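> this one's sequence-less:
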């Protein structure tokens, strides 16, 4: 069947299904077979990956009748993943043999073949509902396979980076992985994902909710591609222009820049508008209705959280590109809308996942505005409450408990340092003495935070801490001096009268 490219008949399909199911059980380390490495080696020696690749190719052609039923592909994916789990040799074989390129090319073809109009139309002559689901599932599974493999490769890279001197074999692995990630970026996979994200905003809740899963796996794939550029130790993202090539060996960030970071903010903006409209129409609710706040679907929250984690990783690797792209007029408008929405939503509904989402948007706003007056001023634009006002009106614990202050205050400083407009707004919402005290504590602190990405030195340059202290301190002192000056004038007037 795989050689002659003929449709898989029922007998062969059932046989393949049974065999693949048995393979999943054999490889399952929690199942009845405990010696998975041995079974993985046997599978490899029997050319199992070649057969799996041929099975995937049975659905590799767009706009042609599939040669295998839809349900066969998830099983194939499960075996592919199970045969590679915790097995470096098998994972490197897929890389070195070039079989992984078939997965990449298949993903590109099917992303190109996704027609948004077809997915949103319930009655379509060209595609039945089952065909739509099959196409969505195929893209989802391919993205999941690639993300899983790149996760393994990233762990290999992390192990290699721990060595002070790499062997020739290590250098060869790094070279091949760099070439592979670069190939993925240059084969237009980022462009295809961007095109899909730009159009997918209105179909997240359609087609039996398969779309959110696909978006989640595509975001995970992007995250793993970005993680490949992650250094051994995160360095503060300030003044790293000379290190950009080091932080982007496969040119993933450079290509993502041309796609506006794969149109992630366009996706988030569209999703939130869509959910808001649905809630308003169905429940007569508004975003700021505290009595009956809207509720986002769990899958929507996962998409939001994963997207923000991805963007914050980009900010650490290349802050200049991050601020430039997000500072563009259209994207900055989308950012303000998304930030306002998330801040209001998380303020009204405090759960673990919402707190995580809130912390990620706080982190992103800080990176967006730090040492960038144009972006700082944009946070004061828009309908009230603005982003800056919402930040300064978060729950009380963010202003009194140190672990929450460590999350919020670096962003408040990033939004208002050396910017009179935003500092004035901040001063009307809260006491700047809190910021002064926070900076003073950080100047005397010797213990580093456990969460490196939320550390103050990662979010605001250390060489500006004293300047920031001087910038916020005169505000409180000015008020005291004005009162003392007024008292002196009254005394002088009394003396003159007497």
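Sure thing, it's come through. Keep in mind the model is a prediction, meaning the values are calculated, not measured. Numbers count the residues shown, from 1 in each chain.
> what's the strand or helix carrying residue 333 in contact with?
Using DSSP states H and E, residue 333 falls within helix 329-348. For helix 329-348, contacts defined as CB atoms under 8 Å, 6 or more residues apart in numbering pick out 260, 265-266, 268-269, 272, 276, 287-288, 290, 293-294, 296, 304, 325-326, 354-355, 357-358, 361, 364-365, 368, 375, 378-379, 381-382, 385-387, 390-391, 393-395. In short, each C-beta sits where N, CA and C put it, glycine included.
> now do the very next helix or strand once past it: everything it contacts.
Following helix 329-348 in sequence order, the next helix or strand is helix 352-369 (DSSP H and E). Helix 352-369 has contacts (CB under 8 Å, 6+ apart) with 237, 298, 301, 304-305, 308-309, 311-312, 315-316, 319, 322-323, 326-327, 335, 338-339, 342-343, 345-347, 375-376, 379, 387, 391, 394, 407-408, 410-411, 414-415, 453-454, 459-460.
> helix 352-369: which residues count as buried?
354, 357-369 (16 or more other CB atoms under 10 Å).
> do the same with stretch 101-120
102, 103, 104, 106, 107, 108, 109, 110, 111, 114, 119, 120.
> and residue 89, how close does it get to residue 73?
Here the criterion is CB to CB, to the nearest Å. By it, residue 89 lies 25 Å from residue 73.
> ugh, wrong one, residue 446
From residue 446 to residue 73 the distance is 55 Å (CB to CB).
> equivalent analysis for residue 352, please.
34 Å.
> one more: residue 102?
Applying CB to CB, the value for residue 102 to residue 73 is 14 Å.
> shared neighbours of these two, which are they?
With CB under 8 Å, 6+ apart, residue 102 and residue 73 have common neighbours residue 56.
> okay, now the unreliable bits of the stretch 201-350 of the chain?
Where the stretch 201-350 of the chain drops to pLDDT under 70, the residues are 201-209, 240-247, 274-294.
> run through the helices of the stretch 101-250 of the chain in chain order.
With helices called from DSSP state H, counting those that start in this stretch, the stretch 101-250 of the chain shows them at 116-120, 129-161, 168-186, 189-199, 210-227, 244-247.
> and the residue nearest to residue 306 when sequence neighbours are not counted, what does it touch?
With sequence-adjacent residues excluded and distances taken as CB to CB, 6 or more residues apart in numbering, residue 306 is closest to residue 219, at 4.5 Å. Contacts of residue 219 were listed using CB under 8 Å, 6+ apart, and they are 264, 303, 306, 307, 310.
> so what's the third one up against?
Contacts were defined as CB under 8 Å, 6+ apart; by that measure residue 306 touches 216, 219, 220, 223.
> burial measure for residue 21, as a count.
Residue 21 has 13 neighbouring residues, counting by other CB atoms under 10 Å.
> residue 217 now?
21.
> swap in residue 42?
12.
> what do you get for residue 229?
By other CB under 10 Å, neighbour count at residue 229 equals 22.
> can you name the next helix or strand after the strand or helix carrying residue 261?
Using DSSP H and E, the element containing residue 261 is helix 260-283. Past helix 260-283, further along toward the C-terminus, the next helix or strand under DSSP H and E is helix 298-317.
> in that next one, which residues are buried?
For helix 298-317, burial by neighbour count (16+ other CB under 10 Å) applies to 299-317.
> kindly report the same for stretch 383-395.
Using 16+ other CB under 10 Å as the burial criterion, the residues of stretch 383-395 that qualify are 385, 386, 387, 388, 389, 390, 391, 392, 394.
> is the closest residue to the first one other than its chain neighbours part of a helix or strand, or is it coil?
Pointing back at residue 385 there. Residue nearest to residue 385 in three dimensions, not counting chain neighbours: residue 393, with 6.9 Å by CB to CB, 6+ apart. At residue 393 the chain is in coil, as set by DSSP: H, G, I helix; E, B strand; the rest coil.
> same check on residue 423?
Going by three-state DSSP, the secondary structure assigned to residue 423 is helix.
> that one: what's it in contact with?
Contacts of residue 423 by CB under 8 Å, 6+ apart are 416, 417, 432, 471, 472, 475.
> gap between it and residue 357?
Residue 423 is 27 Å from residue 357, by CB to CB.
> swap in residue 232?
Per CB to CB, residue 232 is found 29 Å from residue 357.
> could you do residue 73 as well?
Counting by CB to CB - residue 73 and residue 357 are separated by 32 Å.
> before we move on, what about residue 429?
For residue 429, the distance to residue 357 - CB to CB - is 22 Å.
> residue 158 now?
Residue 158 is 27 Å from residue 357, by CB to CB.
> same question, residue 47
45 Å.
> cool, and residue 342?
Taken as CB to CB, the span from residue 342 to residue 357 is 6 Å.
> cool, and residue 413?
Applying CB to CB, the value for residue 413 to residue 357 is 22 Å.
> quickly find the element holding residue 385.
Using DSSP H and E, no helix or strand contains residue 385.
> ok, it to residue 269 distance?
For residue 385, the distance to residue 269 - CB to CB - is 19 Å.
> surely residue 177 touches residue 95?
Yes: in this structure, residue 177 is within contact of residue 95 by CB atoms under 8 Å, at 7.2 Å.
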